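Participant: The sequence isn't on hand, but the structure is:
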């Protein structure tokens, strides 16, 4: 079944790849308009998904993520119109020059071709990803979470109608509509047709893709993020950044999981931390050195277990570890981090530059919250995913990450010397 | 066994990543000098490898590829000194700006970390790849062909001595010394330590890596390259380019395998082609339409079989197919090509631009030989591999392709709004 889908997607990608930006924007407008005009079948499908989800006892938080309302659909359509306003990277000449042998050589940005996206839960991802892929001239095969498969199917049906209305192939944006998990494995091996795979979900999904996929995969989204407080900081400034990094949205991959504190300030800084974290409702998981200074503080504090340093809490929990200094902080981040986002809080320019040089994460911060790692914050205009691998794209991925380039050589019947 | 090797490589990569360009160049100089000063053990190891290779009946051509001589070793050392002269991409700031929220954001080029390279036969690859990885601050794990495993081990031993002489970790450049094939499979799953894998060899090796590796792989090097001759060309100019593309080095991946000819010129062009190819010793494999105009020509001509269009000849053989026009030529290239290098020969500016837009290969040429696809020709200074996939790097890969970037954000104790 997916074989046919892949073929259709590849065919569609050839048509999309030569569209002008204006033509792609017209299609995006049409999609936004039709999502509003034909909201009824999407909302009805979502009501059925919600009923099933309630019955299977999903948490209220998760149910809220699945829910579509007329207002949310309007917001989703507005996001599509925002994508129109972004600059189309396709066709940009990256660099070029005339070689000594006479060949006029340039590198031009082109779409990837067919992108596969595997995601969980939130139905807005369906529209987001479809819009970003269309904007960059890529066909896309979507595989949403089983909890919203009816919603996704209804949404894609409306999107495909808008494509056809604009004279574009419906196969440009396809969804795998069955919740059958075997289809994920089939998708992972569709390398004849799919050029890049983006899993958006938990560690298990990323692991599955890394192990099973014959298609290049962008893995990421898992953030065991650190902040190292050295002995030179002003406590109030540091505590404000730490509170933001931990509490603004604990469920996000760019939230703080482990705080490393220089031992010279442990005795004074940790009690202040305890007070601040108590007020913010944060539970501390302290190592043997930190616990001495935290045990009597107002914040709940339990001993950290070794495994705590390697996993995301995604909740109001924070590991606290006392380190001997810079080298030990960097070593801890290398061993326990996921190369997502890590920060140093320091007044020392030298310490800051050393940290930036030695910590090899997608995003490294000096005196700023790790929460900044985000396509919107970075001015990319959109975010397809956050990559924590090193090939192709690193950190927040914008439209450019959905493109590749080709070398174009113009000669005058030139043979190679 | 490889687990330990991976750990050591990762440790070494941290040391290499913070070296200055001057320090890396000093080490490269030391390697070049020591390869000349200590050539004896390398040549002795090569003599043993050659004796085995002769006994197992390898072809003279292959034996020549395995052979090291004092002169060849001097040339290899000279290549290492050339790498010193290349610009070090590490540390370059790709872009940067101050965001509205006050964060000073930049993207800085950094090494990938640990690179794994699996290659066949030629022992010069050992030194080439080691030098390029060192230049870019990457540690490397090398897995050479079993035919030269003694040569490779002796070479790496000399390289490691030079590293240690410069105060650098020997583990920066390691070779898997046993010819045991199971170790390749172990290397493919060393994703905890290895950041990128480059297979340099035949289609089977690339397939194995795509299927089995949990590490991001750069595949490429397989070139079913096309040239489309449309109805507007001057025959002499076209034939010169075709002869170069087919005959300059038939065993290279960037040589021509299939010629597509517009039917309007078939009757006159194909006899001229036959004469030219006969003189060059090329055997033609013609489709049903082409054979009518080639059967009576001087060049040997046999009917093409369907499989011929999908494989590299790597020899003085050329497929010839008559097409109805542009659309059919592009369709053939899409179905049979490997997205390596494809060319159009035409006097029409419009046809040229359409071809460039519609053919999605790593390198697309107008009126030039497909043989130009080469890091040296492209002015990259060096070539690690030729990628025919779309992620990370496409076409000839220079030093830049051995790097990634990190985002660095400088704040003034900034929290995310």
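Facilitator: Noted; the coordinates are in hand. Source: prediction; values computed, not measured.
Participant: Skipping adjacent residues, who's closest to residue A:105 in space?
Facilitator: Spatially, and ignoring its direct neighbours in sequence, residue A:105 is nearest to residue A:409 (5.1 Å; Cβ to Cβ, 6 or more residues apart in numbering or on different chains). The way it works is simple: take the backbone N, C-alpha and C, and place the C-beta from them, glycine included.
Participant: Tell me the confidence at residue A:175?
Facilitator: Among the per-residue scores, residue A:175 shows a pLDDT of 95.
Participant: Surely it is in contact with residue A:144?
Facilitator: Yes: taking contacts as Cβ atoms under 8 Å, residue A:175 lies within contact range of residue A:144: 6.7 Å.
Participant: Can you report phi and psi for the residue nearest to residue A:294 when sequence neighbours are not counted?
Facilitator: Of all residues beyond its chain neighbours, the one nearest residue A:294 is residue A:301 (4.4 Å), with distances taken as Cβ to Cβ, 6+ apart. As for residue A:301, its main-chain torsions (degrees, to the nearest 10) stand at phi -140, psi 130.
Participant: burial measure for residue A:51, as a count.
Facilitator: Taking other Cβ atoms under 10 Å in any protein chain shown as the criterion, the count of residues near residue A:51 is 10.
Participant: In which helix or strand does it reside?
Facilitator: helix A:39-55 (DSSP states H and E).
Participant: circling back to that earlier point, the residue nearest to residue A:294: what's it in contact with?
Facilitator: Under the criterion of Cβ atoms under 8 Å, 6 or more residues apart in numbering or on different chains, the contact list for residue A:301 reads A:274, A:283, A:284, A:285, A:286, A:291, A:294, A:295.
Participant: ok, the residue nearest to residue A:337 when sequence neighbours are not counted to chain B distance?
Facilitator: Counting by Cβ to Cβ, 6+ apart, residue A:224 is the residue found nearest to residue A:337 once chain neighbours are left out, at 5.5 Å. To chain B, residue A:224 is 15 Å away according to Cβ to the nearest Cβ, to the nearest Å.
Participant: Just give me the neighbour total for residue A:224.
Facilitator: By the criterion of other Cβ under 10 Å, residue A:224 has 24 neighbours.
Participant: Same question for residue A:207.
Facilitator: What residue A:207 shows, counting by other Cβ under 10 Å, is a neighbour count of 15.
Participant: just the one 10 residues further on next, same as before
Facilitator: Residue A:217 sits with 25 neighbouring residues when counted by other Cβ under 10 Å.
Participant: so it makes contact with residue A:199?
Facilitator: Yes: counting by Cβ under 8 Å, residue A:217 does reach residue A:199; the two are 6.7 Å apart.
Participant: quick one: common contacting residues for the two?
Facilitator: With contacts defined as Cβ under 8 Å, 6+ apart, the residues shared by residue A:217 and residue A:199 are A:206, A:209.
Participant: for the helix holding residue A:51, packing partners?
Facilitator: In this structure, helix A:39-55 makes packing contacts with helix A:60-66, helix A:70-85, helix A:149-165, judged by 3 or more Cβ pairs under 8 Å, 6 or more residues apart in numbering or on different chains; DSSP states H and E.
Participant: among those helices, which is nearest chain B?
Facilitator: In this view, these are compared for proximity to chain B by Cβ to the nearest Cβ, and helix A:70-85 is the closest at 16.6 Å.
Participant: what's downstream of that closest one, the next helix or strand?
Facilitator: Past helix A:70-85, further along toward the C-terminus, the next helix or strand under DSSP H and E is strand A:93-98.
Participant: roughly how far out does that next one sit from the chain middle?
Facilitator: 31 Å (Cα atoms, centre = their mean, to the nearest Å).
Participant: ditto for stretch A:197-209
Facilitator: In terms of Cα atoms, centre = their mean, the centre of stretch A:197-209 is set 11 Å apart from its chain centre.
Participant: Buried ones in it, by neighbour count?
Facilitator: Of the residues in stretch A:197-209, those buried by neighbour count under the rule 16 or more other Cβ atoms under 10 Å in any protein chain shown are A:197, A:198, A:199, A:200, A:201, A:205, A:206, A:208, A:209.
Participant: Residues contacting that stretch from elsewhere in the structure, which ones?
Facilitator: By Cβ under 8 Å, 6+ apart, the surrounding residues in contact with stretch A:197-209 are A:115-120, A:125, A:184, A:187-188, A:213, A:215-222, A:384-385.
Participant: where does the stretch 301-417 of chain A have low pLDDT?
Facilitator: Under the criterion of pLDDT under 70, the regions of the stretch 301-417 of chain A flagged as low confidence span A:417.
Participant: quick one, the helix holding residue A:51 and helix A:70-85 angle?
Facilitator: Angle, helix A:39-55 to helix A:70-85, by axes from the mean of the first three to the mean of the last three Cα atoms, to 10 degrees: 120 degrees.
Participant: Next, give phi and psi for the residue lying closest to residue A:305 once chain neighbours are set aside.
Facilitator: In this structure, residue A:305 finds its nearest non-sequential neighbour in residue A:285, 7.7 Å apart by Cβ to Cβ, 6+ apart. Dihedral pair for residue A:285: phi -120, psi 100, per degrees, to the nearest 10.
Participant: tally of neighbours for residue A:285?
Facilitator: Taking other Cβ under 10 Å as the definition, residue A:285 ends up with a neighbour count of 23.
Participant: Is it in contact with residue A:318, as I believe?
Facilitator: Yes: with contact taken as Cβ under 8 Å, residue A:285 and residue A:318 are classed as touching, separated by 6.8 Å.
Participant: show me the residues around the residue nearest to residue A:337 that make contact.
Facilitator: Under the contact definition (Cβ under 8 Å, 6+ apart), the residues listed for residue A:224 are A:257, A:258, A:309, A:310, A:311, A:312, A:336, A:337, A:338, A:340.
Participant: Of the residues you listed, just the buried ones, PyMOL syntax please.
Facilitator: Selecting the buried subset of the contacts of residue A:224 in PyMOL, with 16+ other Cβ under 10 Å as the burial test, is done by:
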select buried, chain A and resi 257+258+309+312+336+337+338+340
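Participant: Which pair of the contacts of residue A:224 spans the longest distance?
Facilitator: By the measure Cβ to Cβ, A:309 and A:340 form the most distant pair in the contacts of residue A:224, at 14.2 Å.
Participant: circling back: any chance of the contacts of residue A:301 in TSV, plus pLDDT and secondary structure?
Facilitator: TSV is the format used below for the contacts of residue A:301 (pLDDT from 0 to 100; DSSP: H, G, I helix; E, B strand; the rest coil):
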residue	pLDDT	secondary structure
A:274	98	helix
A:283	98	strand
A:284	98	strand
A:285	98	strand
A:286	98	strand
A:291	96	helix
A:294	97	helix
A:295	93	coil
